[in-house]
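> let me see the structure of the following:
(one chain, ligands or ions: 1)
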Amino acid sequence: MTAAGPTVDGAEPATRTTAAAGPPPEAVLVLEDGRSFRGRAYGATGSTVGEAVFCTAMTGYQETLTDPSYHRQVVVMTAPHVGNTGVNDEDGESRRIWVSGFVVRDPARRASSWRSRGDLGDELAAQDVVGISGVDTRALTRHLRERGAMRAGVFSGEALREPASGRRLEPSELLVRVLDAPVMRGADLAGEVTTPEPYVVEAVGEPRRGTDGRPMTVVALDLGIKSRTPWHLARRGVRVHVLPSSASTQDVLDLQPHGVFYSNGPGDPAAAEHEVAVLRDVLDRRLPFFGICYGNQLLGRALGLGTYKLVYGHRGVNQPVIDDATGSVEITAHNHGFAVDAPIGEPFDTPYGAAEVSHWCLNDRVVEGLRLLDAPAFSVQYHPEAAAGPHDAGYLFDRFCDLMAQPSRTPDLPDPGAPARVATSSTASTEESA
Ligand SMILES: NC(=O)CC[C@H](N)C(=O)O
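Sure, this is the predicted structure:
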């Protein structure tokens, strides 16, 4: 049986209730600009803070929740009905849920899928993830779209009460907790999500071989890697050594890789000094390089380009991206709040020769891919691993394998005494908050 809770501030009551348990406790979401939304606790009861962002994916909530790039973010699902297929043991993209909070309109009352092993709300609670349901997510999304991603807090249960008196706290009183939360700009977060230890994902089937005859080997720097990514390389016959984000250039070179991969990850690319320095060493040696999302931003930085924060970012599974060389359009999965600042349509100079923007987003002309013309390196801002999402961009893993299968180019190593490279990354402000 479902029980209707009070409707407050235009929110509808959550309906995921049982006769025995009664309705979930009241919850409130407070944005840093003071706007608030009332609803019901979903998942764990308590409090959480993070950057409020919206995700427009209709499917793949389990992949979204377990994508480490969402670390420190309160994710608002625009799909109104979430949890329909429960949770299963196959669709997780990492060892845990990473979102700091989860906002939905109408949670499924009953999970239904042959793969389901449980209810999403129960899984959120088991992993201590505070969420809120019954929120008018359309109004909230429009707000974030107009004002930009901003900090938010979700409060329920005891966290909604003043400890001494038991009085219910008003959103204006909870706002101070939201304003205390760290902002995303400047946040260096890869170290908080990366693997503590290196590990190997073995090639599936017959190993592919490099031009030197050795089994093809990639070093993947885990900046928040999704498990589907090494899987895509492994099933192309490539052995993948996944290293923590703190790995040094020497750690990378010791494995004698045929190529180096930088993964997606949370935080501001402008803060990733160590990883950019390692990448410059990789590029200096003309080792083939492929980067996804955060990896694309770090390639941009290594080339001397700036990065900046988007107003509300791209998060979803149906973003149109054009390949500038062919004019063909891919429908792609996205999850990024920052972007690379580079000229579209004309090659530009870098310390590694000419480079170009290979892909850009048809919605807003945001840079979605980079390619070096004189060195074996490229990257995309979107997600060819497609977890969740369409598979249009899977060919990029083949492109990386082809790059590694080419005879290595003579490293045109720079003069060690040469002056520093052209520029350092900067973040341009496109919004006043976050
Ligand atoms: N998925 C990612 O790698 C995200 C990269 C970066 N943290 C951003 O928000 O833009």
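> what residues does the chain have near the ligand?
Proximity of the chain to the ligand, by CB under 6 Å from any ligand atom, involves residues 69, 264, 265, 266, 267, 293, 294, 335, 336, 337, 338. C-beta: built from backbone N, CA, C; applies to glycine.
> residues touching the closest residue to the second one other than its chain neighbours, list them.
Right, residue 264. Residue nearest to residue 264 in three dimensions, not counting chain neighbours: residue 293, with 3.7 Å by CB to CB, 6 or more residues apart in numbering. Residues in contact with residue 293, defined by CB atoms under 8 Å, 6 or more residues apart in numbering, are 69, 263, 264, 265, 335, 336, 380, 381, 382, 383.
> so the first one sits against residue 224, correct?
To tie it back to what came earlier, the one meant is residue 69. Yes: between residue 69 and residue 224 there is a contact under CB atoms under 8 Å: 5.3 Å.
> okay, and the common contacts of the two?
98, 264, 265, 266, 294.
> gap between the two ends of stretch 144-164?
Terminal residues of stretch 144-164 lie 35 Å apart, using CA to CA, to the nearest Å.
> what comes up buried for it?
For stretch 144-164, burial by neighbour count (16 or more other CB atoms under 10 Å) applies to 144, 147-157, 159-160.
> same question for stretch 81-92.
82, 83, 84, 85, 86, 87, 91, 92.
> who has more neighbours, residue 69 and residue 224?
Legend: neighbour count by other CB atoms under 10 Å for residue 69 and residue 224, higher for residue 69 (29 against 26).
> and the more buried one, what does it touch?
By CB under 8 Å, 6+ apart, the residues touching residue 69 are 98, 224, 264, 265, 266, 293, 294, 335, 336.
> try 6 Å this time
By CB atoms under 6 Å, 6 or more residues apart in numbering, the contact set of residue 69 is 224, 264, 265, 266, 335.
> I'd like to know which of those is nearest to the ligand.
residue 264 (3.1 Å; CB to the nearest ligand atom).
> so what's the residue count around the closest one?
Number of residues near residue 264 (other CB under 10 Å) recorded here: 28.
> hmm, back to that, got a markdown table for the buried residues of stretch 81-92, with pLDDT too?
Shown next, in a markdown table, are the buried residues of stretch 81-92 (pLDDT from 0 to 100):
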| residue | pLDDT |
| --- | --- |
| 82 | 98 |
| 83 | 98 |
| 84 | 97 |
| 85 | 97 |
| 86 | 98 |
| 87 | 98 |
| 91 | 97 |
| 92 | 97 |
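> and of those, the nearest to the ligand?
residue 92 (16.3 Å).
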